[in-house]
Structures are given as C-alpha cells and as structure tokens.
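# Got a predicted structure plus its sequence, pasted below:
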Amino acid sequence: MYKKLASENSGVLTGKALEWGGSRIRPEATGYGVIYFTHEMLATRNETIKDKTICISGFGNVAWGAVKKANELGAKVITLSGPDGYILDMEGVSGEKIDFMTELRATNKDIIKPYAEKYNVPFFPNKRPWEVPCDIAIPCATQNELDEADAENLVKNKCLCLCEGANMPCTQKAIEIIKNSKMLYSPGKASNAGGVAVSGLEMTQNSVRYTWAEQGVDDKLRRIMIEIHEACVTYGKTPDGTIDYVKGANIAGFLKVAQAMYDQGIM
C-alpha cells in the first residue's frame with residue numbers, strides 16, 4: 001500500500017509472495033527455528049528430540065511450522081490450542097492433520113474445536129494445554145499465555161524443556177518458577193528468531209536476484225539457530241555448568257549491538 005500511495009519504496013519488505021521476491025519456507029520459519037533450537041538445548045543434556053512428546057499452543061504459522069519440523073525430527077505433537085480451548089491428540093498431529101491446520105487458519109474463525117470434531121479427539125473448552133504431561137512445551141500462541149499455575153503443572157509433570165515460540169508467552173512469575181526448576185528454558189528473543197532470520201535470507205536472495213531451493217534455505221536457517229544457541233551457551237553458562245539462556249541471549253544481543261556501535265564511532 002505504501003508503494004501504491006507513494007509511487008516508490010526505499011525500504012525493505014519481507015514475507016513476500018514467491019512470485020515477486022519472497023523466500024521459500026518463510027511462513028514456517030519461526031516454527032522450524034524453534035524446533036532446531038529445542039534440539040540444541042536438549043543436546044546439552046545428552047537428550048534428543050526424537051520420540052519426545054510435545055505440547056504446542058496455538059495453530060497459526062508458528063505452531064504449524066513447529067508441528068511440521070517436529071514430525072520430521074521424529075517427535076510427537078499431542079496438543080494444539082485456540083482461544084476456545086485445546087485439543088489432545090495422543091496419536092499425534094501429523095500427516096493430513098497438519099494440512100487441516102492450514103484450513104482452520106484460512107477460515108479466520110480462530111477456533112480449534114473443529115479439529116476435535118473432525119478427528120474425534122478430546123476437546124477441553126476454555127483451558128490451556130499446559131496441564132497435559134509432556135517432555136517439551138512450546139507456547140506458540142500469544143503473549144502471557146502461560147502463567148504461574150501452568151508453570152507449576154509443567155514442573156510437577158517433569159517437563160524437560162520449555163522453548164518459547166511466541167513473543168513473551170510466559171509471565172514473569174512463570175519464568176521464575178521454570179528457571180528455579182531443572183527445566184531447560186529459552187526466551188523467545190533467542191528461540192523464535194527463525195522468522196526474522198529467513199527474512200534476512202530473503203533480502204539476500206533479493207540482492208542476488210535469485211531464489212534458493214527449500215532445502216538450501218532450511219539448511220541455512222538451521223545453521224543460524226545453532227549459532228544463536230552457541231552464543232547463548234557462551235554467555236549464559238553458570239558456575240554449576242547449567243545454561244541461563246535468558247542471561248546468554250541478553251548479553252550476546254547487547255554485545256553484538258554495542259560492538260557495532262563502537263566500531264562505527266557511535267559510542
């Protein structure tokens with residue numbers, strides 16, 4: 001619309017359609033990145049994502065991408081949610097069920113109950129999925145969706161890892177409870193960077209006037225998420241050997257910006 005009104009565009013627009021400069025896997029990128037980051041977190045405990053059960057909230061682009069990549073890596077997603085409640089699919093959200101997520105999004109009704117009706121699985125109205133025992137929790141819906149009671153449920157059920165997919169989905173009190181437990185925890189500023197990462201890759205493709213194949217973009221995204229994880233580990237390792245991902249992400253982000261400003265004489 002800006003280009004139409006101003007008859008020019010000196011800025012950058014990402015997330016474009018493929019026909020006019022978009023990148024493959026951009027819609028799935030945030031969800032893919034979250035799963036790659038989760039995989040790296042688990043590796044610090046000599047664990048793998050394969051055969052793990054995952055509770056995911058939401059059913060939009062982030063959740064959709066996370067479900068797709070989780071299946072590719074051998075995990076089983078057992079929940080999805082909407083403002084109306086959550087579904088519990090113990091057989092796993094896979095195959096045509098993932099495609100149905102895109103159909104639900106296209107209706108713009110923002111409800112998950114039709115999934116339960118179509119696949120004959122339990123639906124829990126006006127509730128969140130964090131009461132369900134799982135190995136990994138990935139909130140992908142909205143801000144402050146996971147509160148103190150939810151965090152206590154996850155700890156009680158011995159959840160191994162919570163990796164934020166949405167922007168700030170956990171309340172501050174929930175974060176304190178999770179960090180005081182033995183659970184791995186990553187803030188969205190690190191783990192949901194996959195979307196903007198692929199936006200950057202889209203800009204690169206535009207610069208060279210070439211569109212990369214899906215696998216090429218996916219490989220580059222995975223490398224970026226591994227590098228973000230490595231930065232969090234470098235700056236977040238504590239004296240007892242555990243990793244404070246909040247501290248690591250904050251320090252790594254600050255130093256990158258500060259060094260760039262210093263090099264350019266801004267500070």
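Yep, that arrived. Residues are numbered from 1 along each chain as shown.
# Buried residues of stretch 118-127, list them for me.
Judged by neighbour count (16 or more other CB atoms under 10 Å), stretch 118-127 contains these buried residues: 121, 123, 124. Where C-beta positions appear, they are placed from N, C-alpha and C, glycine not excepted.
# Name the residues that touch that stretch?
When contacts are taken as CB atoms under 8 Å, 6 or more residues apart in numbering, the neighbours of stretch 118-127 outside the stretch itself are 84-91, 97, 100, 112-113, 115-117.
# of those residues, closest to residue 234?
Closest to residue 234 out of those is residue 86 (36.5 Å), distances taken as CB to CB.
# mind checking pLDDT for the closest one?
Residue 86 carries a pLDDT score of 98 in this model.
# cool, residue 226 as well?
Looking at residue 226, its pLDDT stands at 98.
# Residue 13 too?
On pLDDT, residue 13 comes in at 86.
# roughly how far apart are it and residue 208?
In this view, residue 13 and residue 208 are 17 Å apart by CB to CB, to the nearest Å.
# who has more neighbours, the two?
residue 13 (15 against 8; other CB atoms under 10 Å).
# Let me know the secondary structure of that one.
coil (DSSP: H, G, I helix; E, B strand; the rest coil).
# ok, it to residue 22 distance?
Using CB to CB, residue 13 is found at 10 Å from residue 22.
# before we move on, what about residue 155?
The value you get for residue 155 to residue 22, if CB to CB is used, is 41 Å.
# for this structure, what spans make up the strands?
In order along the chain, the chain carries the following strands (DSSP state E): 53-56, 76-82, 85-88, 123-125, 136-138, 161-163, 184-186.
# May I see those organised as CSV, with distance to residue 173 added?
Written out in CSV, the entries for the strands of the chain read as follows (distance: least, CB to CB, whole Å):
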stretch, distance to residue 173
strand 53-56, 20
strand 76-82, 21
strand 85-88, 21
strand 123-125, 23
strand 136-138, 16
strand 161-163, 14
strand 184-186, 13
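# closest to residue 108 out of these?
When those are ranked by distance to residue 108, counting by CB to CB, first place goes to strand 76-82 at 12.0 Å.
# other SSEs contacting that closest one?
In this structure, strand 76-82 packs against strand 53-56, helix 61-72, strand 85-88, with contacts taken as 3 or more CB pairs under 8 Å, 6 or more residues apart in numbering; DSSP states H and E.
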